[in-house]
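Visitor: build me a structure from this.
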Amino acid sequence: MIKQSEHFPSKDQLIMGLHAIQEVLKHAPERLLKVFTSVKTGKQERKGALLQACEERGVPVQHVSFDLLTKMAGSDSHQSFAAQVRGRHFYGAKEFLKEHEEKESLFVLMLDEIHDPQNFGALLRSAECFGVDGVAWSKNRGCDLSPTVAKASCGASELVPLLRVSNLADSAEQFKKAGFEVVAAVADPEAKPLFSYTFAPRTLLIVGSEGEGIQQLLRKKADRLIYIPLSGKVQSLNVAQATAVLLAGWKSGQN
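Guide: Reported below is the predicted structural model:
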């Protein structure tokens, strides 16, 4: 058992939740360093199956108390599981563009002012599900990676390429110079409806929170503005829902 005085893995090296750990174990098992659990072997079928899969893959498992696991993860919604993962590689815009300079089609999602970890996780999940090439956000403005984000993303936080940058506006300018069309999703009279818009082969799509929206300095970098036409009585979607619709619109245009 881990004692209270022992060093915990840093929050950005922890993921939590059954589904998140299962997805990483399935698609990137080399990223798992150790699994921490407060359940005993054989207790509850799904949890027992995860422990067995860890054993088969040679991933170390350490049993801890529920309370200690909660302290490690910073949340009690861990479903009795957390895992230490290898430190992520975070791209800068310059490095990412250099690595992908020969690729003709690229789609990068840029997140501005996303403070809610549930929304951040859901955005990463949608990005991975739709095959986005990278997700960029500012390390100074908004939410950062955490066990809660990893759980909400169902493990996508460990699978999708990530760009953690200092300045979104500067990064957007670098994308423009690399031949990307910068598109901002905004509710604006000048914006074009999503379903009549054709995304460029190289696109940087910027989304912002419902409250703050996209900061003006970043919005000025946009070559195009788009919006999602709505016909219901409720005339808004949260950023995670809206982004899933936007990504579906992008994906449908590729077929």
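Visitor: pretty sure His115 sits against Trp137.
Guide: No: using CB atoms under 8 Å, His115 is not in contact with Trp137, being 10.9 Å away. Placement of C-beta: from N, CA and C, glycine included.
Visitor: give me the more crowded residue out of the two.
Guide: It is Trp137, of His115 and Trp137, that has more neighbours when counted by other CB atoms under 10 Å, with 26 against 12.
Visitor: can you pull the contacts of the more buried one?
Guide: Contact partners of Trp137, counting by CB atoms under 8 Å, 6 or more residues apart in numbering, are 110-112, 114, 120, 143, 163-165, 168.
Visitor: which one of these is nearest Ala187?
Guide: Closest to Ala187 out of the contacts of Trp137 is Asp112 (14.7 Å), distances taken as CB to CB.
Visitor: the closest residue to the closest one other than its chain neighbours and Arg141, how far apart?
Guide: Leaving aside its chain neighbours, Asp112 sits nearest to Gly208 (4.3 Å; criterion: CB to CB, 6 or more residues apart in numbering). Noted for Gly208: a distance of 10 Å to Arg141, by CB to CB, to the nearest Å.
Visitor: which residues do the two both contact?
Guide: Both Gly208 and Arg141 are in contact with 112-113, 215, where contact means CB under 8 Å, 6+ apart.
Visitor: by neighbours, which of those residues wins?
Guide: Neighbour counts for the shared contacts of Gly208 and Arg141 (other CB under 10 Å) peak at Asp112, which has 24 neighbours.
Visitor: CA atoms of stretch 165-172 as PDB?
Guide: The C-alpha trace of stretch 165-172 is given here as PDB (Å, rounded to 0.1, in the frame of the first residue of the first chain):
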ATOM      1  CA  VAL A 165       1.300  26.700 -26.600                       C
ATOM      2  CA  SER A 166       2.100  30.000 -24.900                       C
ATOM      3  CA  ASN A 167       0.200  32.300 -27.300                       C
ATOM      4  CA  LEU A 168      -2.700  31.200 -29.500                       C
ATOM      5  CA  ALA A 169      -2.700  34.200 -31.700                       C
ATOM      6  CA  ASP A 170       1.000  33.800 -32.500                       C
ATOM      7  CA  SER A 171       0.400  30.100 -33.200                       C
ATOM      8  CA  ALA A 172      -2.500  30.800 -35.500                       C
END
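Visitor: picking that back up, which of Gly208 and Arg141 has more neighbours?
Guide: Set Gly208 next to Arg141 and count neighbours by other CB under 10 Å: Gly208 wins out with 21 against 17.
Visitor: report the secondary structure state of the more buried one.
Guide: Assigned with DSSP: H, G, I helix; E, B strand; the rest coil, Gly208 falls in the strand class.
Visitor: sorry, back to before: who touches both of His115 and Trp137?
Guide: With CB under 8 Å, 6+ apart as the test, His115 and Trp137 both reach Cys143.
Visitor: where do the helices of the stretch 1-150 of the chain begin and end?
Guide: Under the criterion DSSP state H, counting those that start in this stretch, helices of the stretch 1-150 of the chain are mapped to 18-27, 45-57, 66-73, 93-99, 117-129, 147-152.
Visitor: no wait, the stretch 151-255 of the chain
Guide: Per DSSP H, counting those that start in this stretch, the stretch 151-255 of the chain carries helices over the ranges 168-177, 216-219, 239-254.
Visitor: just send the ones you listed back as JSON lines, with distance to Leu159, mean pLDDT and mean neighbour count too.
Guide: Shown next, in JSON lines, are the helices of the stretch 151-255 of the chain (distance: least, CB to CB, whole Å; pLDDT from 0 to 100; neighbours: other CB atoms under 10 Å):
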{"stretch": "helix 168-177", "distance to Leu159": "22", "mean pLDDT": "96", "mean neighbour count": "19"}
{"stretch": "helix 216-219", "distance to Leu159": "26", "mean pLDDT": "92", "mean neighbour count": "16"}
{"stretch": "helix 239-254", "distance to Leu159": "15", "mean pLDDT": "90", "mean neighbour count": "17"}
